[in-house]
Structures are given as structure tokens and as C-alpha cells.
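> Need the 3D shape of this:
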Amino acid sequence: MTTILITQALQRQGEIWHSILSSQNITVIWENLDADILAVLEGMETAGLALPQLLLLDMGMTVTNPYRFCQVAQSRFPGIPVVITAGHDRQISAAERRWALRMGAADLLPGIQESSLIATAVSHLTRVLEILNALPIQQDTLMESLSRLTAPTPAPTPAAPTPPPLATPPATPHTQYRGISTVADTAPTPKGEDDGQRRRRYRGSSY
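Residues are numbered from 1 along each chain as shown. Predicted coordinates:
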């Protein structure tokens, strides 16, 4: 089975690449952007593991310059093509692409655009499969993966409203008689209010 190792600066770009590559029965190894890819490959080689057939590395890799990496990788692992992606860029100039090819990259691809997701995803996937000599595209499974990527996220179910707490009944006033607490028949009348101006109380609130 074909294996591709990828790094991506943008989480969404990585999700798209992972989805469309997996739709073609390609195993995807998704490494962190700051991973030392040469060390990863050397570790796989030492452990006797099968090396990936292609590296799909974002321009934002932090361990080394991507063009410098292509030169070193070409001499150390000459059978593994390196495709550089610029996830933050909508397009790549012809001069920049020529420079990437001169430095040893198999190609330089701009980011996959959400506004034209199907078109750019198909175009980028076609180029990768072309480098791997793995055409044609499995269109049915690709369309299924793209439909999942474009499906709207379901709105969260609103939580049931919390019922208001029950009102605490007003405390019954107590008086003291020879040290023993007794319940008074009525609350004392507030001072400064006559009977006509006395405020009524309901469940502890004045109105």
C-alpha cells in the first residue's frame, strides 16, 4: 500500500489532504510541522519499516528551509519525491515553482482553497498521483470524502432551560422568653408606617 508522509501549517489543510489521500487507499502519516523529517525517515529505516513513497511538506516547516531539505533528502533518500505545499498562499508564481524544481522538489503547490474546494482538491490530488504514477483517481470515493468535508456542521442541541429555584418562604419570627425560643403570632409592624401605607409582602418580597 502507498504511504505518504505529510506536514501542514494549517490544521484545515491537513484535514483536507488526509481525507482526499485516504480516499485513494493511501496511508497518511501526519507529522508535526516542527518534526525533523530526516530523523523520522532515518528512524523508520533503522527500525526496518517501509519508507513513505512521497513526502508532502508544508513551506512552514521549522527545522530547516524546505528547499535545503529537498537538496539533503535528494542525496540521502533519492527515491522519495518531495512535494512542497504553501498552505497560506492562494497561488504560486511560475518563477517560484521553477526555483523549487531546481532545488529538488517534485512540485510546489499552493493551498487548497475552500471557495473552490472540489476543483483545487482534484487538481492537487491528480498531481500527487501523477508523481506516484498511481493515476487514475478513484472518483467515487474522492467525491464521498469531499462531500463530508463540505457538509455543514450540525448546530448544537440547545440545553433545556433550568427551572427557577423555588422561593424560600419567609422565616417565621421568633421571640425569646426566659431563654426559650417561641414563635410569635405575627411579624412586628415596621416603624414609621401607618396602616394605610403599610407595604404588603408576598413570599418575602415587598410590593
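
> Let's test this: mean pLDDT of stretch 70-86, rounded?
Mean pLDDT, taken over the full extent of stretch 70-86, equals 95.

> and it, how far apart are its ends?
15 Å (C-alpha to C-alpha, to the nearest Å).

> What residues sit buried inside that stretch?
Judged by neighbour count using 16 or more other C-beta atoms under 10 Å, the buried positions of stretch 70-86 are 70, 73, 74, 77, 80, 81, 82, 83, 84, 85, 86. For glycine as for every other residue, the C-beta is placed from the backbone atoms N, C-alpha and C.

> Kindly report the same for stretch 13-22.
13, 14, 16, 17, 18, 19, 20, 21.

> And for stretch 90-108?
92, 97, 100, 103, 104, 105, 106, 107, 108.

> Also stretch 42-53?
44, 52, 53.

> tell me the mean pLDDT over it?
For stretch 42-53, the mean pLDDT works out to 96.

> still on that earlier bit, strands - which of the buried residues of stretch 90-108 land there?
Residues from the buried residues of stretch 90-108 lying in strands, with DSSP state E as the criterion: 107, 108.

> now, among the buried residues of stretch 90-108, which is nearest to residue 125?
Checking the buried residues of stretch 90-108 against residue 125 by C-beta to C-beta gives residue 107 as the nearest, at 12.4 Å.

> Under a three-state scheme, what state does the residue nearest to the closest one when sequence neighbours are not counted occupy?
Of all residues beyond its chain neighbours, the one nearest residue 107 is residue 83 (5.1 Å), with distances taken as C-beta to C-beta, 6 or more residues apart in numbering. At residue 83 the chain is in strand, as set by DSSP: H, G, I helix; E, B strand; the rest coil.

> still on that earlier bit, between the buried residues of stretch 42-53, which is nearest residue 1?
Of all the buried residues of stretch 42-53, residue 1 sits closest to residue 53, with 9.5 Å by C-beta to C-beta.

> What about the buried residues of stretch 13-22, which are in helices?
13, 14, 16, 17, 18, 19, 20, 21 (DSSP state H).

> quick one: low-confidence parts of this structure?
153-207 (pLDDT under 70).

> where exactly do the helices run in the chain?
11-22, 37-46, 66-76, 94-102, 117-132, 139-150.

> Rebuild the ones you listed as TSV, extending it with distance to residue 28.
Below are the helices of the chain laid out as TSV (distance: least, C-beta to C-beta, whole Å):
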stretch	distance to residue 28
helix 11-22	5
helix 37-46	14
helix 66-76	19
helix 94-102	22
helix 117-132	11
helix 139-150	12
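
> Residue 33 versus the closest residue to residue 12 other than its chain neighbours, what's the distance?
Here the nearest residue to residue 12 in space, its sequence neighbours aside, is residue 114; by C-beta to C-beta, 6+ apart that works out to 7.7 Å. Distance, residue 114 to residue 33, using C-beta to C-beta, to the nearest Å: 20 Å.
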